[in-house]
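K.L.:
sequence first, predicted coordinates after that:
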Amino acid sequence: MKKIISLILILLVSAGIYSQSQIPNGNFENWSDNYNAIDWNSINFGFPLNIHSAQQSTDSYQGVYAVNLTTESTVLGMISGLITLGEIDYDNYTITGGIPFIDRPNGLSYFFKYSPVNNDTAFMISILTKWNETNQEADTIGMTAYFTADLIDEYTQVAVPYIYYSEDNPDTLNIIFTSSGFEGNAGSTHIIDSVACIYGDVVSPTICFPASDTTSSQFTGNWLDVPNATSYSLDVSEVSNFSSFVSGYENLDIGTDTFYTVDITPGIYYYRVRVHYDTEVSINSNTIPVPAPTECTDATDITTNSFTANWQPANNATSYFIDVSTDENFETYVAPYENYSAGNNTNTVISDLDNNTEYYCRVRVEYDSFLSKNSNTVSIITETSDVDDISFNDICILSSGNIIIIHTDKRNIPKHIFIYNIHGKLINFNLSPNATEIISVKNKGIYIVRLKYCDFVINKKVVVSF
């Protein structure tokens, strides 16, 4: 990832005594030149760097001009487009000050467009503060913020409420807009116009959080509870622009809950939420991608030195990556099967293995720039090279009808007995066996009997026919 040279948003404020009810030059109509909006400060350098991450734009929501913030790749590194009411300290990478302001607005509103590159994110943060003479530092009176990684190609209004932490009136206000976070991509563009304080009702969107409890069959969407919300509605889509919807998940009424579990099949999904306030509805929240894992199924074509790993297809997958290990915790890997690319296939042959050995495999799905978490883990035991009944050290394993008989003398009783089908699926076990164990099975076929001792394991293939 390219590191961005971005200013740490530490807001050290100075005292002020004058009240302003609105943002100076909030409509960005006044400019001293193409790169400097009056009353605002930005990261711009002239010759020889020629960095102009903030500049005048005629693509306005109203009036003649707006401000265009664009992330640039420079000799200094990646620089985010940024504009602020505060002062930029280039030596300490901070933003200080703001404008004198003693009101307590209900919220902040602005209109914007955003064109992200490679899942970049645009930010807005606003903080109201008051200088504390005793502590010689600024106390936070209230703040608000908004961010999005969505493509917004038509002007959209954001209205977000201030959250107040004190009953005091502030003395300073700062607002910061950026085109990227601390890591960004060149070309991400954030266009802003008509910034204003709100003193009436605020029809605020919510903020969605990353999905939780994601499996191949479901995920739980989560979002911030918004004061005065009467309900929330949820959209789920397999495409990031929501040009189509997963059946049953278009404008789904969730009530007042701030979470919802969505039923899915393996694939990548996107969700967003709107807030309802009686008769008014907010704009969409930010969009959350959910790259769901696939489900590994039983291995097939098991031999003494190979097997075929299988998994469910995932919608919109671009490739799959598989891990194979003899350790169920995957602390080591069987070469070359660590993050091994299986292409865009739903199976792959795992070869050059040892016989009579238990292996574990799991799969991850890649969806363009998103990677799922691990699938479930499947266990496989390769075939033994000796398929005859064994009788050594007074241990005998054989079958009769639909039962498997395991007999040892009292000196060689195993600690555990496990029975697997030919696909490596555990179907029976005994953690405290006796010298003779009789285990019934439901189906005829080939089974693997595994006797586990303290220092070694015996695997035996048994054919059951009845």
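P.N.:
That came through fine.

K.L.:
okay, now the domains of the protein?
P.N.:
Listed by automatic domain parsing, the domain ranges of the chain are 4-198, 208-291, 296-381, 391-464.

K.L.:
same list (those) but as JSON lines, adding mean neighbour count and mean pLDDT.
P.N.:
For the C-beta atoms, the positions are set from N, CA and C on the backbone; glycine is no exception. Shown next, in JSON lines, are the domains of the chain (neighbours: other C-beta atoms under 10 Å; pLDDT from 0 to 100):
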{"stretch": "domain 4-198", "mean neighbour count": "18", "mean pLDDT": "85"}
{"stretch": "domain 208-291", "mean neighbour count": "17", "mean pLDDT": "95"}
{"stretch": "domain 296-381", "mean neighbour count": "17", "mean pLDDT": "94"}
{"stretch": "domain 391-464", "mean neighbour count": "15", "mean pLDDT": "84"}
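
K.L.:
okay, and the residue most central in space within the chain sits in which element?
P.N.:
Central residue of the chain (C-alpha atoms, centre = their mean): P210, 5.3 Å from the mean position. For P210, the element it lies in under DSSP states H and E is strand 208-212.

K.L.:
now the residue nearest to the centre of the chain: closest residue in space that isn't a chain neighbour?
P.N.:
Spatial nearest neighbour of P210, chain neighbours left out: I288 (6.1 Å); criterion: C-beta to C-beta, 6 or more residues apart in numbering.

K.L.:
same check, this time on T436
P.N.:
Here the residue nearest T436, using C-beta to C-beta, 6+ apart, is H407, at 4.9 Å.

K.L.:
relative to whichever helix or strand that neighbour is part of, what are the paired strands and their orientations?
P.N.:
Following DSSP H and E, the helix or strand that holds H407 is strand 403-408. With DSSP bridges as the test, strand 403-408 is paired with strand 395-400 (antiparallel), strand 436-440 (antiparallel).

K.L.:
any chance of JSON lines for the ones you listed, columns distance to S216?
P.N.:
Formatted as JSON lines, the strands paired with strand 403-408 follow (distance: least, C-beta to C-beta, whole Å):
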{"stretch": "strand 395-400", "distance to S216": "35"}
{"stretch": "strand 436-440", "distance to S216": "32"}
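
K.L.:
tell me which of those strands sits nearest to D91.
P.N.:
D91 sits nearest to strand 436-440 of all these, at 75.9 Å, using C-beta to C-beta.

K.L.:
what's in contact with the closest one?
P.N.:
The contact list for strand 436-440 (C-beta atoms under 8 Å, 6 or more residues apart in numbering) reads 402-408, 417, 419, 428, 430.

K.L.:
of those, which pair is most distant in space?
P.N.:
Across the contacts of strand 436-440, no pair lies farther apart than N402 and T408, at 21.6 Å, counting by C-beta to C-beta.

K.L.:
for I283, which non-adjacent residue is closest in space?
P.N.:
Distance criterion C-beta to C-beta, 6+ apart; nearest residue to I283, sequence neighbours excluded, is P205 at 5.1 Å.

K.L.:
wasn't the one you found part of a helix?
P.N.:
No - under DSSP: H, G, I helix; E, B strand; the rest coil, P205 sits outside any helix and is assigned coil.

K.L.:
and it, what's its pLDDT?
P.N.:
Looking at P205, its pLDDT is 92.

K.L.:
can I assume I458 is in contact with I448?
P.N.:
No - using C-beta atoms under 8 Å, I458 is not in contact with I448; the gap is 10.8 Å.

K.L.:
and the helix or strand hosting Q157, what does it pack against?
P.N.:
For Q157, the host element (DSSP H and E) is strand 152-161. Under the contact criterion of 3 or more C-beta pairs under 8 Å, 6 or more residues apart in numbering; DSSP states H and E, strand 152-161 touches strand 107-115, strand 137-148.
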